[in-house]
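> missing the sequence, but the structure's below:
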């Protein structure tokens with residue numbers, strides 16, 4: 001598996017967990033957006049990426 005694919009999968013897993021926490025009321029929408037930004041930077045995904 002190439003590096004880009006690994007980064008996309010890791011980002012998607014992290015965001016799946018964050019969406020689950022959001023739907024359960026554990027985090028707020030604002031916190032979810034912050035997590036998204038941090039994870040996108042961590043995994044080097046641009047804001048215009050189709051994988052976000």
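Everything's here; your move. Bear in mind the structure is a predicted one, so any value in this text is a computation, not a measurement.

> Now for residue 10: which residues touch it?
residue 43 (C-beta atoms under 8 Å, 6 or more residues apart in numbering). All C-beta atoms are positioned from the backbone trio N, CA, C, and that covers glycine.

> Over to it. Which of the three states is it?
helix (DSSP: H, G, I helix; E, B strand; the rest coil).

> Confirm for me that residue 8 is in contact with residue 43.
Yes - with contact defined as C-beta atoms under 8 Å, residue 8 reaches residue 43; the gap is 7.3 Å.

> what number of residues lie near residue 8?
18 (other C-beta atoms under 10 Å).

> For this structure, give me the ranges with low pLDDT.
Along the chain, the model assigns pLDDT under 70 to residues 50-52.

> Grab the most central residue of it for me.
residue 15 (3.6 Å; C-alpha atoms, centre = their mean).

> Could you report the distance from it to residue 7?
12 Å (C-beta to C-beta, to the nearest Å).

> ok, how many other residues are close to the residue nearest to residue 11 when sequence neighbours are not counted?
Closest residue to residue 11 apart from its sequence neighbours, by C-beta to C-beta, 6 or more residues apart in numbering: residue 43 at 4.2 Å. Counted with other C-beta under 10 Å, residues neighbouring residue 43 total 20.

> now do residue 11
That count, for residue 11 with other C-beta under 10 Å as the rule, works out to 20.

> For residue 31, which non-adjacent residue is spatially closest?
Nearest one to residue 31, counting by C-beta to C-beta, 6+ apart, is residue 22 at 7.9 Å.

> my read: that neighbour touches residue 34, true?
No - in this structure, residue 22 is not within contact of residue 34 by C-beta under 8 Å, at 11.6 Å.

> Pick out whichever of these two has more residues nearby.
Neighbours of residue 22 and residue 34, each counted by other C-beta under 10 Å, are more numerous for residue 22; the result is 17 against 13.
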